[in-house]
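**Student:** coordinates only, sequence not included:
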């Protein structure tokens, strides 16, 4: 199945790589495993994964810095798999652009389910494409880039792009937390809410919003969010 999603597994423990590879391939995914960040980064020059599973405790690189680079430069979903269970580690990983955070030890079927959830995309309405223009900005979803009126470019991550696209497809409509969870996948709860808060905060920063009085992404307390821009797609 050459069109099956490709999942890369970066973990220095062979038993974990083998366990994940077996579970994922049985579920219909293709996999590639790596024990070091250097060989993984070399493979990215010729390979475009759909999902990157990244352990934080790597022998040759800090996993968090790698997650940050992947979130900015790759279109893949990034999921951290780590034995670090502290809340601050999870928050930091999400703030750096990870889509999800799975704590070791884990059941491989849970990882498969999380990946499937992350790969589910919001249904695209007929008028949407790969480029959206709104309030002096252009969002290029084919290359994960925001461009302002002067042509200055700001990259956004895959995770940020999912949220931005959800807003741009539904301008001037209330988007509840439940709708975000249903559209973007992932388990509802505090972790999901925190991940959405982080992504929306990062999008506001990239759109140069006043955090105390944002003009485009408005928080409706107790209800959700509304995107107030006028959007055209091409």
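**Tutor:** Cool, got the structure. Since this is a predicted model, take the numbers as computed values, not measurements.
**Student:** so where's this structure uncertain?
**Tutor:** 1-2, 72-75, 120-129, 185-191 (pLDDT under 70).
**Student:** could you rerun that using 50?
**Tutor:** 1, 122-127 (pLDDT under 50).
**Student:** which helix in it runs the most residues?
**Tutor:** Longest helix of the chain, by residue count under DSSP state H: helix 190-206.
**Student:** now do the residue of the chain most remote from its centre against residue 207, distance only.
**Tutor:** Farthest-out residue of the chain from its mean C-alpha position, per Cα atoms, centre = their mean: residue 150, at 27.3 Å. Separation of residue 150 from residue 207 (Cβ to Cβ, to the nearest Å) stands at 14 Å. Placement of C-beta: from N, CA and C, glycine included.
**Student:** which residue sits closest to the residue nearest the centre of the chain, ignoring its sequence neighbours?
**Tutor:** The chain has residue 159 as the residue nearest its centroid, 2.4 Å off, counting by Cα atoms, centre = their mean. Closest residue in space to residue 159, ignoring its immediate chain neighbours: residue 99 at 4.6 Å, by Cβ to Cβ, 6 or more residues apart in numbering.
**Student:** show me the contacts for the one you found.
**Tutor:** Going by Cβ atoms under 8 Å, 6 or more residues apart in numbering, residue 99 touches 77, 78, 79, 118, 158, 159, 195.
**Student:** out of these, which end up buried?
**Tutor:** Buried subset of the contacts of residue 99 (neighbour count, 16 or more other Cβ atoms under 10 Å): 77, 78, 79, 118, 158, 159, 195.
**Student:** reformat those as JSON lines; add secondary structure and distance to residue 130.
**Tutor:** As requested, the buried ones among the contacts of residue 99 are exported to JSON lines (DSSP: H, G, I helix; E, B strand; the rest coil; distance: Cβ to Cβ, whole Å):
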{"residue": "77", "secondary structure": "strand", "distance to residue 130": "18"}
{"residue": "78", "secondary structure": "strand", "distance to residue 130": "21"}
{"residue": "79", "secondary structure": "strand", "distance to residue 130": "24"}
{"residue": "118", "secondary structure": "helix", "distance to residue 130": "20"}
{"residue": "158", "secondary structure": "helix", "distance to residue 130": "14"}
{"residue": "159", "secondary structure": "helix", "distance to residue 130": "18"}
{"residue": "195", "secondary structure": "helix", "distance to residue 130": "24"}
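**Student:** what's the closest of those to residue 104?
**Tutor:** For the buried ones among the contacts of residue 99, the residue nearest residue 104 by Cβ to Cβ is residue 79; the value is 12.6 Å.
**Student:** now the closest one: closest residue in space that isn't a chain neighbour?
**Tutor:** Take residue 79 and drop its neighbours on the chain: the residue closest to it by Cβ to Cβ, 6+ apart is residue 100, 4.5 Å away.
**Student:** cool, residue 202 as well?
**Tutor:** Spatial nearest neighbour of residue 202, excluding adjacent residues (Cβ to Cβ, 6+ apart): residue 160 at 5.8 Å.
**Student:** which strand or helix spans that neighbour?
**Tutor:** Using DSSP states H and E, residue 160 sits within helix 158-169.
**Student:** quick one on the thing from earlier: what separation do you get for the residue nearest to the centre of the chain and residue 57?
**Tutor:** 22 Å.
**Student:** tell me the contacts of residue 220?
**Tutor:** By Cβ under 8 Å, 6+ apart, the contact list for residue 220 reads 174, 226.
**Student:** can I see the domain layout of this structure?
**Tutor:** The domain map for the chain lists 6-119, 131-233, with the assignment taken from automatic domain parsing.
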